[in-house]
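Student: 3D model of this:
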Amino acid sequence: MTLSRLFGQKQEKAPVEKRPDGLDRLPPGQYHTKKWPVLTYERTPKFDPTTYRFKVWGEVEHPFELTWDELLDLPRVQLTADFHCVTTWSRYDNAWEGVHIREILQRAKPTADAHYVMAHSFTNYTTNMPLSDLDDDDVLIAFRHDGEELEAEHGGPVRLIVPKLYAYKSAKWLSGLEFMKEDRPGFWEIRGYSNSANPWKEERYW
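Tutor: This next block holds a predicted model:
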């Protein structure tokens, strides 16, 4: 049984398109869908804005903590990006709105020893990546998707978006970023998912 059949998704044939770097827009092994399937290991949590804190710590010059209102008050950007799930579906042209990751990096100032980042969720989910993957033009902390508030089942009210990696690196229900000298596997990475998660190399599992 294919993963797409397992999750009840109808495959939709997409025209062959190229990215500016020459790679196919649709990564190998993926199918295009206009739907947005809900896939998560965890139960969708309840969010309490009065107790929520967004924390940045570890190998940074200026660790800090923000309340929910303080996080919402940061400058916002909008970007459009494709989204690729490790279970083989891809959704094109997602319109995201949120805080650009470099707004956070400028405030925190990662040290020369900061080479990796662990994204933390308020559900205790974690996922790791090199700092170079986080510090990119298309990475943001998202509050809105396609013109609407980000729904809880899709990681709302706040999730990390790293479009160039499989979606399990885009941590739902984001609550903090830990900057690290050495790499450390997160929730799915411990359980056999790829550490690097590059869709165009089909880096799905160890």
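
Student: For the longest helix along the chain, name the packing helices and strands.
Tutor: If you go by DSSP state H, the chain has its longest helix at helix 101-108. Packed against helix 101-108 by the contact rule (3 or more CB pairs under 8 Å, 6 or more residues apart in numbering; DSSP states H and E) you find strand 53-58, strand 140-145, strand 174-180. For the C-beta atoms, the positions are set from N, CA and C on the backbone; glycine is no exception.

Student: Then residue 26 would be within a helix, right?
Tutor: No. Per DSSP: H, G, I helix; E, B strand; the rest coil, residue 26 lies outside any helix segment and is coil.

Student: Could you pull out the buried residues of the helix or strand that contains residue 65?
Tutor: Using DSSP states H and E, the element containing residue 65 is strand 64-67. Buried positions in strand 64-67, judged by neighbour count with 16 or more other CB atoms under 10 Å: residue 66.

Student: now what about that strand, what contacts it?
Tutor: Here strand 64-67 makes contact (CB atoms under 8 Å, 6 or more residues apart in numbering) with 52, 53, 54, 55, 56, 74, 107, 108.

Student: out of those, which are buried?
Tutor: 52, 54, 56, 108.

Student: and the last one, what does it touch?
Tutor: By CB under 8 Å, 6+ apart, the residues touching residue 108 are 56, 60, 61, 62, 63, 64, 177, 179.

Student: hang on, the earlier thing: and of the helices and strands packed on helix 101-108, who's closest to residue 119?
Tutor: strand 174-180 (6.0 Å; CB to CB).

Student: orientation of that closest one relative to strand 140-145 in degrees?
Tutor: Put simply, strand 174-180 runs at 170 degrees to strand 140-145, going by axes from the mean of the first three to the mean of the last three CA atoms, to 10 degrees.

Student: Tell me the strands beside strand 174-180, with direction?
Tutor: strand 53-58 (parallel), strand 116-121 (antiparallel) (DSSP bridges).

Student: residues of the helix or strand just after the strand holding residue 65 that come out buried?
Tutor: Toward the C-terminal end, the helix or strand that comes next after strand 64-67 (DSSP H and E) is helix 68-72. Buried residues in helix 68-72, counted by 16+ other CB under 10 Å: 68, 71, 72.
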